[in-house]
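> With the sequence up front, the predicted model follows.
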Amino acid sequence: MNMIKKVPLPICGVALGCAALGNLLQSYSEGIRYFCGVLSAFFILLFMVKVICCPAMFKEDMNNPIMASVSGTFSMTWMLLSTYLKPFIGPAAYYIWMLAIALHAVLIVYFTVKFIAKLQLPKVFASYYIVYVGIVVASVTAPAYEKTGLGSILFWFGFVTLLLLFVLVTARYVKCKEIPNPAKPLICIYAAPTSLCIAGYVQSVMPKSKTFLLAMLAAATVIYIFALVKAIGYLKLPFFPSYASFTFPFVISAIATKQTMACMMNMGSPMPILSKLVLIETIIAVVFVGYVYIRFLMFLFAAPQAK
């Protein structure tokens with residue numbers, strides 16, 4: 001029970017990173033994909049047990065703007081895991097997917113009313129992207145359920161909120177430079193929203209614009225380099241649950257580059273130079289996810305320290 005109480009809400013972010021990594025590595029091996037899916041499911045189920053056994057702790061987390069925003073990774077993970085389950089449970093996977101989207105929509109309303117309506121700039125962090133742009137995971141997974149129309153709508157919602165949040169979140173980091181150590185890794189989340197929008201655009205939006213796609217990729221690549229430099233620097237910090245920020249953002253960046261390369265080839269404008277970038281980003285994503293997963297296991301299963 002003590003171990004369950006230790007399960008931090010950001011573990012959902014690691015689960016999300018694992019589920020996305022499985023999709024990134026699917027072209028190498030279906031077995032590797034399902035291995036990543038199992039790792040993801042283990043962490044997400046641990047979190048669900050924690051919520052059931054310790055609802056008061058979860059309720060307390062949801063009163064914290066950082067934790068409440070990070071909670072969006074729970075529904076995002078289930079959107080991805082539903083596609084893993086589809087071959088085994090058939091139509092039931094679609095209902096899991098829809099439930100996850102509905103849950104994320106509820107979070108958007110809750111977060112807007114509780115935190116955005118009473119906005120305090122020092123309490124704004126990059127994790128706010130998760131709440132609003134995170135629903136674009138539905139656009140990425142929509143083709144599995146032949147719902148690209150819904151995926152397209154959610155992409156545009158995510159893209160518009162990305163532009164608005166970029167101004168808000170950047171203003172916060174520029175004007176309020178005081179950031180506590182546990183929250184510092186959150187800045188790596190900057191790498192996720194633009195790349196997630198690229199993946200959602202490629203999967204669900206028709207017709208596509210080469211110029212728009214490449215503009216998004218250029219922006220995503222610049223932000224990726226910024227986040228990578230920050231992540232390498234913050235690895236020197238002691239372990240915090242916010243280490244979860246080192247997973248999904250780097251995985252979805254590799255996915256975005258990979259999907260852009262495939263999309264440009266399909267549109268008759270191959271860009272072979274992207275293949276090297278995909279390989280580098282894939283290796284970085286695997287290293288980060290593997291390292292963070294192990295650090296979370298060490299944190300969860302560490303023997304209690306004697307007082």
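Cool, the structure landed. Numbering: from 1, shown residues only.

> Spell out which helix or strand contains the nearest residue to C263 once chain neighbours are set aside, please.
Distance criterion CB to CB, 6 or more residues apart in numbering; nearest residue to C263, sequence neighbours excluded, is V202 at 4.9 Å. Quick note: C-beta positions are derived from backbone N, CA and C, even for glycine. Using DSSP states H and E, V202 falls within helix 191-204.

> Packing partners of that helix?
Secondary-structure packing of helix 191-204 (3 or more CB pairs under 8 Å, 6 or more residues apart in numbering; DSSP states H and E): helix 128-133, helix 137-141, helix 148-175, helix 210-234, helix 248-266.

> now the angle between helix 210-234 and that helix, please.
Angle, helix 191-204 to helix 210-234, by axes from the mean of the first three to the mean of the last three CA atoms, to 10 degrees: 150 degrees.

> Export only the CA atoms of helix 191-204, formatted as PDB.
Provided in PDB are the C-alpha atoms of helix 191-204 (Å, rounded to 0.1, in the frame of the first residue of the first chain):
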ATOM      1  CA  ALA A 191       8.800  20.200 -27.700                       C
ATOM      2  CA  ALA A 192       5.500  18.300 -27.700                       C
ATOM      3  CA  PRO A 193       2.600  20.500 -28.900                       C
ATOM      4  CA  THR A 194       3.900  21.500 -32.400                       C
ATOM      5  CA  SER A 195       5.100  18.000 -33.100                       C
ATOM      6  CA  LEU A 196       1.800  16.500 -31.900                       C
ATOM      7  CA  CYS A 197       0.000  18.900 -34.200                       C
ATOM      8  CA  ILE A 198       2.200  17.700 -37.100                       C
ATOM      9  CA  ALA A 199       1.200  14.100 -36.400                       C
ATOM     10  CA  GLY A 200      -2.400  15.000 -36.000                       C
ATOM     11  CA  TYR A 201      -2.300  17.000 -39.300                       C
ATOM     12  CA  VAL A 202      -0.700  14.100 -41.200                       C
ATOM     13  CA  GLN A 203      -3.100  11.500 -39.900                       C
ATOM     14  CA  SER A 204      -6.500  13.400 -40.000                       C
END
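
> what residue lies at the spatial centre of the chain?
F248 (4.5 Å; CA atoms, centre = their mean).

> Find the nearest non-adjacent residue to that residue, please.
F248 sits nearest to G17 (CB to CB, 6+ apart), 4.2 Å away.

> so where is this protein shaky, pLDDT-wise?
Within the chain, the segments meeting pLDDT under 70 span 303-307.

> Let me see the contact set for C263.
Residues near C263 by CB atoms under 8 Å, 6 or more residues apart in numbering: 202, 208, 213.

> Please repeat the previous calculation with a cut-off of 10 Å.
By CB atoms under 10 Å, 6 or more residues apart in numbering, the contact set of C263 is 198, 201-203, 208, 210, 213, 217, 269, 271.

> what does V222 give?
V222 neighbours (CB under 10 Å, 6+ apart): 191, 194.

> Check G158 too.
Applying CB under 10 Å, 6+ apart, the residues contacting G158 are 129, 132-139, 193, 196-197, 200-201.

> Ignoring the adjacent residues along the chain, who's closest to it?
Per CB to CB, 6+ apart, closest to G158 is V136, 3.6 Å.

> I'd like to know how far the one you found sits from V174.
To V174, V136 is 25 Å away according to CB to CB, to the nearest Å.

> Of the two, give the one with the bigger neighbour count.
More crowded of V136 and V174, by other CB atoms under 10 Å: V136, with 32 against 8.
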